[in-house]
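Visitor: this is the structure alone, sequence omitted:
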C-alpha cells in the first residue's frame, strides 16, 4: 500500500508544475531523532516527521526543497524556525499542496541574540500551502512571526502561540575597568532606562533631606514622598526630580527589617543594691520598603538578603508579579519583574552604562538591577522581621531631622514584547514582532486557541466557524467574509488581554541618625546606708535605608484594540466586545450587535461610508461612538436605513438617525444633540438622555414607559400620529430649555406622558406649541396633541414662557394655537399668584387645563384669558368616578372632572349646595311640579338650574323601549342658580296615551 501511495505522489508532480532536480526523492520520513549534529538538507516531494526533528540553521530559518506535502505527527524544533512552502531548484517559491500538523512545531531562539530589544535571529514559522490543517501546536518566541497562508485553512482544535517574554541569559552582567570599578551592564529583555542618578545629597543644592516627610502615616495608609534628587536622562540632561506614592491600608505593600550591628554590656545597680548585666546596642540598622501600586491585580513580595551584602545592611529585592492563564496550553503563567536595591549593601556608588542601548546611550545606578527571572538575592532572602512602623525612618528621639544622605534614583520602562519597530508616523501595532498572521480563502477556527503577544491579523474570504475559539492578543486586525449569507463574529476578541508592562520609579536613601538610651542606675554610699539615682546615658548610631518603589505605572491588563475591522456578508452578527481603533467597514444589509462595539478617537465618527449597503441595524448590546454616530443619516440621495432596533445601549457625542422604522427599548446617551428623522418611531421602555437638544422629525411616534431627558430642548415634529398608550404609559419628558410642538400631528394624544420643564436661576425658558385652539371644550383634547401632565419647576428669578410656534426667522406664527393639558402641576412659587412672575403665556397661545394643583376657578381666565379651565373634560389624570342616583334605591357611576367635584363655588345639580359640600353633587336636577294648561294643552316643566350649566329636555312615549326626542336645550347664563321652565305643546294626544319627560345635563 505504501508503494502505491508513493507512486501516486510522484505521478502527481507534473500536474503540480514542480521543476525538481534529479536528486529529489519521493518522500523524506523521520521516525527517529534528528538533531543539529546530523541536520539534513531535505529535497523531497513529501516530508513526514513521526519522531523528533531538531535543527539549527541560524540566522536563517530552516528551508525545504521541492516539498509539496508536509506532515508532522511528532515534534519539530527549529532555531530560529521553519518555512513550509514549495521551492523548486530554481529558487521559485509557490504554495505547497498540503500542510498537516497534529504534533508540535516550535520556533526557538538561538544563541546569537543580544537581548534588550535587538535580536539577530528572531523566530519565524511561515506556512504557505493550498490546504493547511493544524490540530497540533505551532509556536514562536516572543519577538517571532507566525504566518499561515492557504486556500483552505482548517485550524480546528489546534493551538497557535507566541510565547511570553523570557529572561536574557546574560542579564545584569557587568564589565569592569582595570581597578575593578563597574562601567557597563547588560540589561534584561525589554527593560528600557528612562533616567538614572546616584550620589550624596548636596547640602546646598538641592539641600538636605527632611526625614520627617519621607514616610507619612495617615489613617488610610502610608504616603511615601521622595526628596528632590538629581538624575540624568538619555538626552544628557541633568535635572531634579521627585515623586510620591500612596499605599492604602487595605492593600498593604510596605515592608521593614531591623537589626543590631554592635553593642556593649553595662552593669547597672538596682535600687535594692543588686546588680544587672544589660546588653545595650550602640549601632543598629533599619530598612524600610514602600511599594506603590495602582493595579491591585499585581502581587508584591519583598525579601531582605545579607548574603549579597558588603555592609551591615542587607540587599532588598522586590517581586512584582501578575498571574495569567495561557489560553493555548491552559497552564497558569506568572509574569514577574524583580527590582533589586544594593544601595545599603554595596560600596560602589556609581552609574553604569547600558551596553545595548542604541542609538542613544542610557544608564542605571550600579546598585539597582531589574530581572525577569527570580534572582538569587530574592530566592535566598528572608521576609521582613517587623511591620513598617511610624518612627522607622524618623523618631522624635533622633538628634537630627535633616540629613545629607547617599541616594540612588532610577526610572525604567518595562515591555512585554522583546522587540518593537521604530515609532514612525502611520506605523500600526499590527505589524509588531510577536504576531500571528492568517490569510485564507476558507478558514475554520472551531476550538482554535490563538495567542499573539503583540497582534493577531486574520483575513478570510469565508469564515466557516469560530465556535469555542479563544483569542488572546492586545492588537487585532480582521478582514472577514462569509459566502453563506451570515457572518458571526464570536470568540474572536476579548475586552482586555493580560499583559504585564509599564514603568517603574525608584528612589533609595541611606543615612545615619543618633538617639540616646537612658538606663536606670543607683549609686550607693560606701557604708551601704544610702543611695541616689544616677542614670547612665548611652548614644546609639542608627543606620537607615529607605526604598520607595513606585509601580503605579505598571499594569497587568490592557484593552484589546481592533485596529482594522472589515466584515462582508448579507448578515453580520457581532457577539464579541470590539474596541475599534482604526478602519471600520461593513459590507452588509443587516448588522446586529449582541456584544459591545466601541469606536475610538482614531475613527471619530460613524458615517455612511463605514456601512454603505446597510439597511437593518440591531443593537442588543452596547455601541459607543467617539464623536458623531450618523446611523442611516447622510446617505447619498437622502437614502436612509429601513430599520433601527435598540434593546441595549447606544452612546455617542451626537446621534443623527434616519430610518423608516425606529424601535428603542434600551438606552441612548447623547452628550450633545440628538436627531431622529424618518418614518415610524416606537419608544417602549426607552431611556434617552441628551445633553443638548433632542429633535424628533417623524411620520408617527408612539411612547410607552419611555424617558426623554434633554439638557436643552425637545422638538416634536410629527406628521401623522403622536400618541402613547394612555394613562398607564408612564412616559417622562424632562427639559431644561423648553419643549416645542413644531406642528400639530393629525391624530394622537399624550395622556400617559408627563412633561417636566425647569427654569434655572435668572433664565427665561421658552416653549411653543402648535395644537389647534378649539376653545374650553372637551373636544380640544381629542386628536390634538393633548398632554397628560405638565410640571412647571422654577428656581428663583427663573421664568417659563409659553407661546405659539415660530417660523424659520424666529417670529411667532400668526393664528390662534392652544396647548391642552389634562393635569397642570404648578411650581409652589406659582400657587398663590401665577401672574405675579415666573410664568408667561404669550398672545397667540391659550393653555387649557382640566385639573391643576391650584383652584381651577381661580386659574380660569388668568393671563388675559389665555389660561382656561375645561370643566366638562374628565381625562385620565383629571377625571374621577362618582356615584349618582338613577332611582330611589339604585345608583350608577359617572366620570366627572375632579376640579368640578372639588369646586366650592359651582352647584352642578342646582340643589343649592356647592359641589364640594354636596354629598350627591351630580344627581339629576330638582324638578318642580309639571303643569298642563291651555288649549291646545301645553306641558310646563320647571327645574332648578345651576349657574352656567346646560340642560337637555327630552320626551318619549314609552319607557319600555324609550326613544328620547330632544325638545329643548337651555343654558343658565346667570351667575347664580335659578328655576328654569320649558314648555311643550301636546295637541291631539290620543286618549289613554302617555308622554314622559326627562331633564339631563353633563356634569
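Guide: Thanks, I have it. Since we're looking at a predicted model, the values are computed, not measured.
Visitor: rest of the way, CA atoms for contacts and neighbours
Guide: Noted.
Visitor: give me the three-state assignment for residue 661.
Guide: strand (DSSP: H, G, I helix; E, B strand; the rest coil).
Visitor: which residues of the chain fall in helices?
Guide: With DSSP state H as the criterion, the chain has helices at 2-11, 13-16, 376-379, 856-859, 862-865, 898-901.
Visitor: I'd say residue 861 and residue 870 touch.
Guide: No: under the criterion of CA atoms under 8 Å, residue 861 makes no contact with residue 870, lying 11.0 Å away.
Visitor: more neighbours, those two?
Guide: With neighbours defined as other CA atoms under 10 Å, residue 861 and residue 870 compare such that residue 870 has more, 25 against 14.
Visitor: tell me the contacts of that one?
Guide: 776, 777, 778, 848, 849, 850 (CA atoms under 8 Å, 6 or more residues apart in numbering).
Visitor: and the residues you listed, which is closest to residue 307?
Guide: residue 849 (90.3 Å; CA to CA).
Visitor: beta partners for the closest residue to that closest one other than its chain neighbours?
Guide: Once flanking residues are discounted, residue 849 sits nearest to residue 821: 4.6 Å by CA to CA, 6 or more residues apart in numbering. Per DSSP bridges, the residues bridged to residue 821 are residue 787, residue 849.
Visitor: need the contact list for residue 821.
Guide: 786, 787, 788, 789, 790, 847, 848, 849, 850.
Visitor: cool, and residue 909?
Guide: Residue 909 neighbours (CA under 8 Å, 6+ apart): 921, 922, 923, 924, 925, 926, 944, 945, 946.
Visitor: returning to what we had before: need the contacts of residue 821 in JSON lines with neighbour count and distance to residue 345, can you?
Guide: JSON lines is the format used below for the contacts of residue 821 (neighbours: other CA atoms under 10 Å; distance: CA to CA, whole Å):
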{"residue": "786", "neighbour count": "25", "distance to residue 345": "85"}
{"residue": "787", "neighbour count": "23", "distance to residue 345": "81"}
{"residue": "788", "neighbour count": "29", "distance to residue 345": "81"}
{"residue": "789", "neighbour count": "28", "distance to residue 345": "79"}
{"residue": "790", "neighbour count": "21", "distance to residue 345": "78"}
{"residue": "847", "neighbour count": "24", "distance to residue 345": "87"}
{"residue": "848", "neighbour count": "29", "distance to residue 345": "89"}
{"residue": "849", "neighbour count": "29", "distance to residue 345": "87"}
{"residue": "850", "neighbour count": "30", "distance to residue 345": "88"}
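Visitor: per the record, what domains does this structure have?
Guide: According to automatic domain parsing, the chain is divided into the following domains: 2-167+433-493, 174-416+501-551, 693-874, 879-917, 931-1000.
Visitor: who's in contact with residue 326?
Guide: Taking CA under 8 Å, 6+ apart as the test, what residue 326 contacts is 332, 333.
Visitor: okay, it: pLDDT?
Guide: Looking at residue 326, its pLDDT is 96.
Visitor: what about residue 736, distance to residue 651?
Guide: 21 Å (CA to CA, to the nearest Å).
Visitor: just residue 220 next, same as before
Guide: The gap separating residue 220 from residue 651 is 37 Å, by CA to CA.
Visitor: these two: which has the busier surroundings?
Guide: residue 651 (23 against 11).
Visitor: hmm, that one is touching residue 673, no?
Guide: No: using CA under 8 Å as the test, residue 651 is too far from residue 673 to be in contact (11.8 Å).
Visitor: for residue 359, grab the count of nearby residues.
Guide: 6.
Visitor: one more: residue 987?
Guide: 10.
Visitor: rewinding a little: let's have the domains of the chain in TSV, adding distance to residue 605.
Guide: TSV is the format used below for the domains of the chain (distance: least, CA to CA, whole Å):
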stretch	distance to residue 605
domain 2-167+433-493	19
domain 174-416+501-551	30
domain 693-874	19
domain 879-917	49
domain 931-1000	63
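Visitor: among these, which comes closest to residue 571?
Guide: domain 2-167+433-493 (4.8 Å).
Visitor: same question for the closest one, mean pLDDT?
Guide: So the average pLDDT for domain 2-167+433-493 ends up being 89.
Visitor: what comes up buried for stretch 909-929?
Guide: 909-916, 918, 920-925, 927 (16 or more other CA atoms under 10 Å).
Visitor: ok, residue 23 touching residue 41?
Guide: No: assessed by CA under 8 Å, residue 23 is found out of contact with residue 41, at 11.4 Å.
Visitor: neighbours of residue 724, how many?
Guide: Quick note: residue 724 (other CA under 10 Å) scores 26 neighbours.
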